[in-house]
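Undergrad: Generate a structure from the sequence data that follows.
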Amino acid sequence: MCIRDSLNIGNNVQIAGGSGVIKHIPDNKKAVTGNLCSALQYQIILEDLGHTVELTNRYFKQDAEVLIAINADKNNSDIRKFHSDKPQSKIVLILSGTDIYPEPSAKSIDSMEVGNVLVLLQSHGIDQVPLRYRNKSTIIYQSIEKLSVDSERSKSDSEFKVVLISNIRSVKDPLIASRACRLISPASKLKITHVGYCLDEELGSELTRENKSNIRYEWVGGLSKVEAMTILSESDVLLITSQHEGAGRVVGEAIQLGVPIISTNNLGVVGILGNDYEGYYPVGDAKALSDILAKAEQDKSFLIRLNVHCQNRSSLFDIEEEKKNWEQLINDFSII
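TA: Predicted structure coming up:
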């Protein structure tokens, strides 16, 4: 079985039928992306199910019975090569946010054509899949491992702490957080900490300037998982500013740590938190973001409602449920 993930970093994973899997790892060892985290987690799950998994960043005729490709668009060439070389082998596509939002690309659709199973990460994802491929689509929510955070600080009334955990890319709309800060009342105690690696130099330069001039905003760069989760655990709110998301692992991480979420109304997050969640604001609307942040700071009952709603979604991130779904998917290949 082969699992391939490609961001600029790409993660290719081959899982050779019950015995071998290859996964693709980013060339930029410092930049940790959602797709890389996903590939590593799939490796753990599939190895627990008895498969051997190898991570790789390219398909180069490795022997495998199953290819699992994360990002159907960027991996289209390798997906096609695998299909041509091994027509009897199976292909599983994990459809990421950029595969299906705002619309599936021509390359994504071409990959869907040869994929045996299309895996969506939240309930709204299937709506983006062309009708002719929905009969081979399924939803598998990504589980979140038990987070253990050793935090020396605790939440206090001295600051209203908001954290944004997102790499610097245009689809994440990273500048809107600092712009919203400038619209907040001078009496506010709000402070936004932005954690994320720079994958866009122009945006990174703008955020560096914001660091120097915006007292409510601090971009701290990329951090280790432990450091990022520690900051998240100490925050009053997790902020998501993305224009599009496939699902967003950080949603589950915030829920596990008991941190309520304020997010754009992108369908990836709505597919997890539901249509009736109160913590959304329109994509790209800095004024709406500043207003909902002010409400979260000033209205404790609103913040409590957000947290209760989030906790009611926690069962979606159960590791045993995800394992069961992957075991069923692999077993079903015997009848495909």
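Undergrad: use CA for all of it now, contacts and neighbours both
TA: OK.
Undergrad: gap between Glu206 and Pro130?
TA: Distance check for Glu206 against Pro130: by C-alpha to C-alpha, to the nearest Å, it reads 38 Å.
Undergrad: ditto for Ile176
TA: Counting by C-alpha to C-alpha, the gap from Ile176 to Pro130 is 32 Å.
Undergrad: And Leu316, by the same measure?
TA: Leu316 sits 25 Å away from Pro130 when distances are taken as C-alpha to C-alpha.
Undergrad: who's more crowded, the two?
TA: In this comparison of Leu316 against Pro130, neighbours counted by other C-alpha atoms under 10 Å, the higher total goes to Leu316 at 18 against 13.
Undergrad: Just say helix, strand or coil for the more buried one.
TA: The three-state assignment at Leu316 reads helix, by DSSP: H, G, I helix; E, B strand; the rest coil.
Undergrad: which residues sit in contact with it?
TA: For Leu316, the set of contacting residues under the criterion of C-alpha atoms under 8 Å, 6 or more residues apart in numbering consists of Tyr141, Gln142, Ser143.
Undergrad: Just name the shakiest helix or strand of the chain by mean pLDDT.
TA: In the chain, no helix or strand scores lower on mean pLDDT, DSSP states H and E than strand 20-23, which sits at a mean of 39.
Undergrad: Can you name the next helix or strand after that strand?
TA: Past strand 20-23, further along toward the C-terminus, the next helix or strand under DSSP states H and E is helix 34-48.
Undergrad: any idea how far that following helix is from the chain center?
TA: Relative to the mean C-alpha coordinate of its chain, helix 34-48 is positioned 13 Å out (C-alpha atoms, centre = their mean, to the nearest Å).
Undergrad: which other helices and strands contact that helix?
TA: Counting contacts by 3 or more C-alpha pairs under 8 Å, 6 or more residues apart in numbering; DSSP states H and E, helix 34-48 is packed against strand 2-5, strand 11-16, strand 20-23, strand 53-56, helix 319-331.
Undergrad: Report the buried residues of it.
TA: Along helix 34-48, the positions that meet the burial threshold by neighbour count (16 or more other C-alpha atoms under 10 Å) are Gly34, Asn35, Leu36, Ser38, Ala39, Leu40, Gln41, Tyr42, Gln43, Ile45, Leu46, Glu47.
Undergrad: closest to Val220 among those?
TA: Checking the buried residues of helix 34-48 against Val220 with C-alpha to C-alpha, the nearest one is Gly34 at 18.3 Å.
Undergrad: burial measure for Asp299, as a count.
TA: Here the count is done by other C-alpha under 10 Å, and Asp299 has 11 residues near it.
Undergrad: For it, give me the pLDDT.
TA: Per-residue confidence for Asp299 comes out at a pLDDT of 97.
Undergrad: Ramachandran coordinates for it?
TA: In terms of degrees, to the nearest 10, the main-chain angles of Asp299 are phi -110, psi 100.
Undergrad: Show me how the chain divides into domains.
TA: Per automatic domain parsing, the structural domains of the chain span 2-143+318-335, 160-316.
Undergrad: No more questions from me, cheers.
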